[in-house]
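Trainee: My questions are about this predicted structure, shown below with the sequence.
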Amino acid sequence: MLFDTHVHLNAEQYQEDLEEVICRAQSAGVTHMIVVGFDRPTIKKAIELAEAYDFLYASVGWHPVDAIDMTADDLAWIEELAEHPKVVALGEMGLDYHWDKSPKDVQKQVFREQIRLAKKVKLPIIIHNREATQDIVDILKEEGADQVGGIMHCFSGSVETARECIEMNFYISLGGPVTFKNAKKPKEVAADIPLEKLLIETDCPYLTPHPYRGTRNEPAYVKLVAEQIAEIKGTSYEEVAKATKKNAFKLFNIES
């Protein structure tokens, strides 16, 4: 019943036990996952995984932290991959002001280029945002990103920002932090945003939900995210699972 919209099964943390991780996810009710690539090696692996498993799909893009490394050839390659039948989105892309590897102006340019490409190939986009909310919202508006829409991945902003993003044709995706006792904003967003605009994710191997916080995350734990949202909304786990899966199918244009 569950659709994990953001996994990094292409990460080195799963090299030893990928099959077991996938089996645990299926046992927990996870029927579909998006494997997100964000540079040359992870994009290649995401495609390989999507080709190997019928329930895995890929998203391809360039991470803002590594924006300074992206070349015109990389962008052209991503455009080529957008034609792959298992590639359902571009990203993750966006802005990350926490790390200083890539200058802000370079990040913004690479972000804009990827939005323009997404509009050209008609695929939704997956947004990475770290300490850059206003600049991301401004660029999404300026570039007309509402034409393709997408996901505000692992959303950590305010209810007001979430509503603004929904107006731009974006879904709000919640992950492990919504289960943290001290995570005020994600809980407020879970309470406020209607189910038809929510998605769920793990961002595994990162952001592991309570009570496994501090250990490696994996897709099976997306069930904990769905259960927490259900509790916050005063609805059933089944209702959250069903709605968020339906939303993902619609966004990624996957036939149910």
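Mentor: Great, that's in hand. Residues are numbered from 1 along each chain as shown.
Trainee: Which strands or helices does the longest helix along the chain pack on?
Mentor: Assignment by DSSP state H gives helix 104-121 as the longest helix of the chain. Helices and strands touching helix 104-121, by 3 or more CB pairs under 8 Å, 6 or more residues apart in numbering; DSSP states H and E, are helix 72-81, strand 87-96, strand 125-130, helix 133-142. Yep, even glycine has a C-beta here, placed from its N, CA and C like the rest.
Trainee: Make JSON lines from those and add mean neighbour count to it.
Mentor: Formatted as JSON lines, the helices and strands packed on helix 104-121 follow (neighbours: other CB atoms under 10 Å):
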{"stretch": "helix 72-81", "mean neighbour count": "15"}
{"stretch": "strand 87-96", "mean neighbour count": "26"}
{"stretch": "strand 125-130", "mean neighbour count": "24"}
{"stretch": "helix 133-142", "mean neighbour count": "17"}
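Trainee: Tell me which of these approaches Thr42 most closely.
Mentor: Proximity to Thr42, assessed across those by CB to CB, is greatest for strand 87-96 (10.1 Å).
Trainee: tell me what that closest one is packed against?
Mentor: Based on contacts counted as 3+ CB pairs under 8 Å, 6+ apart, the elements that strand 87-96 packs against are strand 30-37, strand 56-60, helix 104-121, strand 125-130, helix 133-142, strand 150-152, helix 237-252.
Trainee: Quick one: closest of the helices and strands packed on helix 104-121 to Val35.
Mentor: Nearest to Val35, of all those, is strand 87-96, at 10.3 Å by CB to CB.
Trainee: Now do the strand or helix carrying Ile172 against helix 133-142: the angle between them, please.
Mentor: With elements taken from DSSP states H and E, the one containing Ile172 is strand 170-174. Put simply, strand 170-174 runs at 150 degrees to helix 133-142, going by axes from the mean of the first three to the mean of the last three CA atoms, to 10 degrees.
Trainee: Each with direction, which strands does strand 170-174 pair with?
Mentor: Within its sheet, strand 170-174 is paired with strand 150-152 (parallel), strand 198-200 (parallel), according to DSSP bridges.
Trainee: deepest of these, which one?
Mentor: Across the strands paired with strand 170-174, the average number of neighbours (mean count of other CB atoms under 10 Å) peaks for strand 150-152, which reaches a mean of 29.
Trainee: what's the closest residue to Thr42 other than its chain neighbours sitting at in phi/psi?
Mentor: Closest residue to Thr42 apart from its sequence neighbours, by CB to CB, 6 or more residues apart in numbering: Asn10 at 4.8 Å. Phi and psi for Asn10, reported as degrees, to the nearest 10, are phi -80, psi 0.
Trainee: Can you give me the neighbour number for Ile193?
Mentor: The number of residues packed near Ile193 is 21, by other CB atoms under 10 Å.
Trainee: Glu164 is in contact with that one, correct?
Mentor: No: with contact taken as CB atoms under 8 Å, Ile193 and Glu164 are classed as non-touching, separated by 11.7 Å.
Trainee: measure Thr215 to Gln228 for me?
Mentor: Computed as CB to CB, to the nearest Å, the Thr215 to Gln228 distance reads 17 Å.
Trainee: which one of the two has more residues nearby?
Mentor: Per other CB under 10 Å, whichever of Thr215 and Gln228 has more neighbours is Gln228, with 25 against 10.
Trainee: for that one, helix, strand, or coil?
Mentor: helix (DSSP: H, G, I helix; E, B strand; the rest coil).
Trainee: With adjacent residues omitted, what lies nearest to it?
Mentor: Thr179 (4.7 Å).
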